[in-house]
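**Q** below is the structure, and that's it, no one-letter string:
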């Protein structure tokens, strides 16, 4: 049953999205329509996933009336922690690699090293890049080459692409769309938050 539950969840990005949403608030009762709204997924997908999770003993149901049913996570299910670890594996791995990269390049004295994008939002997939913004006081071609070389070397070693971008303090003050998106979803790996 353990393998069935794990393969049921991990075999579909849509199911993963539904399970993530449910496990973010494990004490909440969920209606199918509410989950459809939260996940922006079609009724059939949400309903089949909820019924599958019920059959695999992760969820139980309660009838509110003749027609309305709510789903709830079965408390003390030994699989909950394991499922969360599996769902967050890509994100945790990306953060670990990003921290290793930050430790490797901090010797070049950047002001900040910031992880952004899907590695922070939780929408990372196995083929996603690890997006890192390195903020420097001013551009220095020699040091920038060393930073990009370190990204390439670590990318090859970890089999995960590190997509680095180097900007100066002056450049991040421009407030363009890229900077706005980084501000919304970021994790400072080294230095101060420059925003």
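**A** Sure, I can see it. Please read these numbers as outputs of a predicted model, since none were measured by experiment.
**Q** for the most centrally placed residue in the chain, what are its contacts?
**A** What sits nearest the mean C-alpha location of the chain, by Cα atoms, centre = their mean, is residue 122, with 1.5 Å. By Cβ atoms under 8 Å, 6 or more residues apart in numbering, the contact list for residue 122 reads 20, 88, 91. Using the backbone N, CA and C atoms, a C-beta is placed for each residue, glycine as well.
**Q** among these, name the buried ones.
**A** 20, 91 (16 or more other Cβ atoms under 10 Å).
**Q** return the subset of the contacts of residue 122 lying in helices.
**A** 20, 91 (DSSP state H).
**Q** TSV please, covering the contacts of residue 122 and showing distance to residue 109 and pLDDT.
**A** Shown next, in TSV, are those (distance: Cβ to Cβ, whole Å; pLDDT from 0 to 100):
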residue	distance to residue 109	pLDDT
20	38	88
88	32	82
91	29	85
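**Q** where does this protein have low pLDDT?
**A** Residues of the chain that meet the criterion pLDDT under 70 lie in 1-3.
**Q** please parse it into its domains.
**A** Split into domains by automatic domain parsing, the chain comes to 2-87, 89-191.
**Q** correct me if wrong, but residue 165 is in a helix.
**A** No. In this structure, residue 165 is strand, not part of a helix, as judged by DSSP: H, G, I helix; E, B strand; the rest coil.
**Q** tell me the secondary structure at the residue lying closest to it once chain neighbours are set aside.
**A** Nearest residue to residue 165, sequence neighbours excluded (Cβ to Cβ, 6 or more residues apart in numbering): residue 133, at 5.2 Å. Of the three states, residue 133 takes strand under three-state DSSP.
**Q** tell me which element residue 6 falls in.
**A** In the assignment (DSSP states H and E), residue 6 maps to helix 2-10.
**Q** now that helix: buried residues?
**A** 5, 8, 9.
**Q** ok, and the closest non-adjacent residue to the first one?
**A** I take that to be residue 5. residue 56 (4.5 Å).
**Q** for that neighbour, give me phi and psi.
**A** phi -90, psi 10 (degrees, to the nearest 10).
**Q** what of residue 126?
**A** phi -60, psi -30.
**Q** surely it meets residue 93?
**A** No. In this structure, residue 126 is not within contact of residue 93 by Cβ atoms under 8 Å, at 9.5 Å.
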